[in-house]
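Turn this into a model:
(chains A, B, C and D)
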Protein chains: 2
Amino acid sequence: MRYHGRMNLRDRKRARVRQALVDAATELFERDGYERTTVADIAAAADIGTRTFFSYFASKEELLFPESDHRVQAAVDAIAARGPDDSPVEVLVRALYLTGVDNDDLTDRLAALRLRLIREVPAVRGRALQIQLDAQQQIAAHLAEAFPEQLDKVRAGALVGAFVGAVTGAVQVVMEDLPEHHDPKKLRAVVEEATSVALEPWMAQRGR
Amino acid sequence: MRYHGRMNLRDRKRARVRQALVDAATELFERDGYERTTVADIAAAADIGTRTFFSYFASKEELLFPESDHRVQAAVDAIAARGPDDSPVEVLVRALYLTGVDNDDLTDRLAALRLRLIREVPAVRGRALQIQLDAQQQIAAHLAEAFPEQLDKVRAGALVGAFVGAVTGAVQVVMEDLPEHHDPKKLRAVVEEATSVALEPWMAQRGR
DNA sequence: ACGATATCTGCATTCAGTGCAGAAATGCAA
DNA sequence: TTGCATTTCTGCACTGAATGCAGATATCGT
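Alright, predicted model coming up:
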């Protein structure tokens, strides 16, 4: 899962410290809560200077989204790997399903924590939404490029926005009257159910 | 446009100060930029203590969204005022078109400033997205309530999310291309295109 | 081993935001 | 109007995120 393979000592060290920061933060956020954990605490737990923290992550929130580029890249790859007869909608569905949109691998600890903090901490939610919008834009750009005759840039933006918006809107609803359920299996099932409901109107059209 | 009509002296004064804060901030943000304007500057310009600022607005960003409740309320009212034969989609379109979604009255100064800062300042964008998501949830809840047989809560969330997401996504695209050119006609056309992209799949379901 | 270069770290600083307690203003009743 | 209760304002002290800077440290390539 991690690629410390062939790099500089420098880069390997850096990756190790980075991971240590994420781990430490996960631990501390779970134990003491997001707000009551300071950047200084996290840095100390990973045994680096407080100042140095900010050369790894631009802000405290960033710590919760360590591989956001990675996911976008996966979606972009999925678009690039389209078949000759695929419609934009089909490709988009596949790209977003594979990469999870915002229904993550709910199995791992950080993802679960992140999901909880997105609900509870405004600053985290704000950052998550920014990242989402950013990802949308990139995906839309690639989709438009992949289907030049069928989509201009504006329509691509609208289409991707509609998809992601629908899923987000539906998931939001099922999440809010779901208590503190930390059962990841159940959560995942609920999210997937909401996703398929959200995308249902498009699925009917597959033939067009 | 403003209701300083019949109130306590206390409340009138409070409203006046609040407005003074918004005005002062608008002025200062335009002149010096958002980041380089401190809360202390704004408070001083409105002639109140720095500490007091935070009893009017919970944060510096909040200053840029003074009537966000108002807009949601308008949408909710529009839903309540539905006709007997309206479909959910029709009502939603009317509710959001009337109230502007996020294609504001580009006429007034604060709205224009806000739009610019949403693009330029991450913190502001984050807050804007939060407010938007919040509004979506409320509208979806009311829509589901207004059409109990045709929409469950999850589907309502998806529908509203698709609509708002599409418009946001499309507008985003045109905004990044044309730097400052806020041609209202063009924008209107984009919004309509996004609307049709987002809602077309839902139209088939009208009968259901 | 050595110099060039990148990274780390402490220090000082700015600024947003909060809690508190006393001062000031307002509302209300007589 | 006066007096009293309640709300609001304000300064003060404090926390914590984030940034700039400059000197110490570590790594790289040779």
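
Look up phi and psi at the closest residue to DNA strand C within chain A.
Nearest to DNA strand C, among the residues of chain A, is residue A:49, at 2.8 Å (CB to the nearest atom of the strand). In short, each C-beta sits where N, CA and C put it, glycine included. The phi/psi pair for residue A:49 (degrees, to the nearest 10) reads phi -70, psi 150.

tell me which residues in stretch A:76-86 are buried?
Neighbour counts using 16 or more other CB atoms under 10 Å in any protein chain shown place A:76, A:78, A:79, A:82, A:86 of stretch A:76-86 among the buried residues.

Among those residues, name the ones in helices.
In helices, judged by DSSP state H, the following of the buried residues of stretch A:76-86 are found: A:76, A:78, A:79.

can you tell me which of those residues lies nearest to residue B:154?
residue A:78 (25.7 Å; CB to CB).

Can the helix or strand hosting residue A:142 be said to contact chain B?
According to DSSP states H and E, residue A:142 maps onto helix A:122-146. Yes. For a cut-off given as CB under 8 Å from any CB of the partner chain, helix A:122-146 has contacts with chain B, namely A:122, A:123, A:125, A:126, A:127, A:129, A:130, A:133, A:136, A:137, A:140.

Switch those residues over to CSV, and while doing so, append pLDDT to every line.
Output for the residues of helix A:122-146 next to chain B, formatted as CSV (pLDDT from 0 to 100):
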residue, pLDDT
A:122, 97
A:123, 97
A:125, 97
A:126, 97
A:127, 98
A:129, 98
A:130, 97
A:133, 97
A:136, 96
A:137, 96
A:140, 97
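
give me the subset of the residues you listed touching DNA strand C.
When the residues of helix A:122-146 next to chain B are checked against DNA strand C using CB under 7 Å from any atom of the strand, none falls in range.

Filter those residues down to the buried ones and express that as a ChimeraX selection.
Burial among the residues of helix A:122-146 next to chain B is assessed by 16+ other CB under 10 Å; the matching ChimeraX selection reads:
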select /A:123,125,126,127,129,130,133,136,137,140
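
rewinding a little: could you dump the buried residues of stretch A:76-86 into CSV and include pLDDT and distance to residue B:63?
Listed next are the buried residues of stretch A:76-86 as CSV, based on pLDDT from 0 to 100; distance: CB to CB, whole Å:
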residue, pLDDT, distance to residue B:63
A:76, 95, 37
A:78, 94, 41
A:79, 95, 40
A:82, 92, 46
A:86, 92, 47
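
of those, list those near DNA strand C.
Of those, not one also sits near DNA strand C (CB under 7 Å from any atom of the strand).

I'd like the distance between the closest residue to chain B within chain A and residue B:201.
When distances are taken as CB to the nearest CB, chain A reaches nearest to chain B at residue A:165, 1.8 Å away. Distance from residue A:165 to residue B:201, counting by CB to CB, to the nearest Å: 13 Å.

Looking at the two, which one has more neighbours?
Using other CB atoms under 10 Å in any protein chain shown as the criterion, residue A:165 and residue B:201 rank with residue A:165 on top: 31 against 20.

who's in contact with residue A:199?
Contact analysis of residue A:199 by CB atoms under 8 Å, 6 or more residues apart in numbering or on different chains lists A:93, A:163, A:166, A:167.

Tally up the residues packed near the nearest residue to the residue of chain A closest to DNA strand C once chain neighbours are set aside, please.
Nearest non-adjacent residue to residue A:49, counting by CB to CB, 6 or more residues apart in numbering or on different chains: residue A:43, 6.4 Å away. Look at residue A:43: counted by other CB under 10 Å, it has 20 neighbours.

what distance separates the host helix or strand of residue A:116 from the middle of the whole chain?
Assigned by DSSP H and E, residue A:116 falls within helix A:109-120. Mean-position distance between helix A:109-120 and its chain equals 11 Å (CA atoms, centre = their mean, to the nearest Å).

The helix holding residue A:142 and DNA strand D in contact?
No. Applying CB under 7 Å from any atom of the strand, one finds helix A:122-146 separated from DNA strand D by no less than 8.0 Å.

Who are the packing partners of that helix?
Using 3 or more CB pairs under 8 Å, 6 or more residues apart in numbering or on different chains; DSSP states H and E, the elements in contact with helix A:122-146 are helix A:68-80, helix A:88-99, helix A:109-120, helix A:153-176, helix B:122-146, helix B:153-177.

Same list as before, the ones you listed that is, but in JSON lines and with distance to residue B:190 included.
Formatted as JSON lines, the helices and strands packed on helix A:122-146 follow (distance: least, CB to CB, whole Å):
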{"stretch": "helix A:68-80", "distance to residue B:190": "23"}
{"stretch": "helix A:88-99", "distance to residue B:190": "18"}
{"stretch": "helix A:109-120", "distance to residue B:190": "29"}
{"stretch": "helix A:153-176", "distance to residue B:190": "6"}
{"stretch": "helix B:122-146", "distance to residue B:190": "17"}
{"stretch": "helix B:153-177", "distance to residue B:190": "5"}
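
got the phi/psi numbers for residue A:83?
Backbone torsions of residue A:83, given as degrees, to the nearest 10, read phi -90, psi 170.

quick one: which of the contacts of residue A:199 is nearest residue A:34?
So of the contacts of residue A:199, ranked by how close each gets to residue A:34 (CB to CB), first place is residue A:167, at 24.8 Å.

ok, and the closest non-adjacent residue to the closest one?
With CB to CB, 6+ apart, the residue lying closest to residue A:167 is residue A:198, at 4.8 Å.

mind showing which ranges of chain A have poor pLDDT?
Along chain A, segments meeting pLDDT under 70 span A:1-6, A:98-107, A:180-182, A:205-208.

related to what we said a few turns ago, and which of the residues of helix A:122-146 next to chain B is nearest residue B:192?
Lowest distance from residue B:192 to the residues of helix A:122-146 next to chain B (CB to CB) belongs to residue A:140, with 18.1 Å.

shouldn't the closest one be in contact with residue B:169?
Yes. Using CB atoms under 8 Å, residue A:140 is in contact with residue B:169, at 6.3 Å.
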